[in-house]
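S.K.: predicted model and sequence follow; I will ask about them next.
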Amino acid sequence: MLLPHYSSEDCTIEGYDIPHDTIMVNVWAIHRDPKLWDDPLSFKPERFERINDEKYLMPFGLGRRACLGHGLAQRVLGLTLGSLIECFEWKRIGEENIDMTESKATAMPKFVPLEAMCKARPIMNSILLKAH
Ligand code: HEM
């Protein structure tokens, strides 16, 4: 069986024999490699502003099996996030900072699910009033 993301045939890389269907590219580790990134665990999205051939963000994979929904996802994410920020005021539920600990899963969910409070901004008044 050919699994997506896994080595498709036996090969040797830097003297290591890699049997087929055994190895997966660890994008999580690449994105946190201190040999590649300064201060890799800090949230600095500006580090990805200047894309070059050596360093880039790979949330959608690369190559033939890269994400088919890449273009759609990037547009919808920007629109959704922008709408949530423009239309609502957001607050934490208490004084404590949000726990950003990661849980274990392919899509890296938060360990503690996010709970937040939101209040419609005035820009939403006409929309919400029309809905009644
Ligand atoms: C933020 C949203 C998304 C992220 C971060 C994401 C990420 C990924 C990643 C990492 C892969 C594996 C790529 C690889 O093997 O190298 C993948 C595959 C795939 N994604 Fe997405 N994806 C997203 C949204 C979507 C959407 C909206 C669609 C469809 C409308 C989609 C359809 C697919 C499909 C069909 C594959 C399998 C491609 C293949 O194996 O040939 N994805 N995605």
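M.R.: Cool, the structure landed.
S.K.: ok, the residue positioned nearest the centre of the chain - contacts?
M.R.: The residue lying closest to the centre of the chain (Cα atoms, centre = their mean) is residue 59, at 5.6 Å. If a contact means Cβ atoms under 8 Å, 6 or more residues apart in numbering, then residue 59 has residue 27 as its contacts. In this view, the C-beta of every residue, glycine as well, is placed from N, C-alpha and C.
S.K.: tell me which helix or strand it sits in.
M.R.: Under DSSP states H and E, no helix or strand contains residue 59.
S.K.: which residues touch the lengthiest helix in the chain?
M.R.: Determined from DSSP state H, the single longest helix within the chain is helix 70-87. The contact list for helix 70-87 (Cβ under 8 Å, 6+ apart) reads 60, 67, 90, 118, 120, 121, 123, 124.
S.K.: where in this protein is pLDDT low?
M.R.: For the chain, the stretches with pLDDT under 70 are 1-6, 51, 132.
S.K.: contact residues of this structure facing the ligand?
M.R.: Residues of the chain lying close to the ligand by Cβ under 6 Å from any ligand atom are 4-5, 59-62, 65-69, 72-73, 77.
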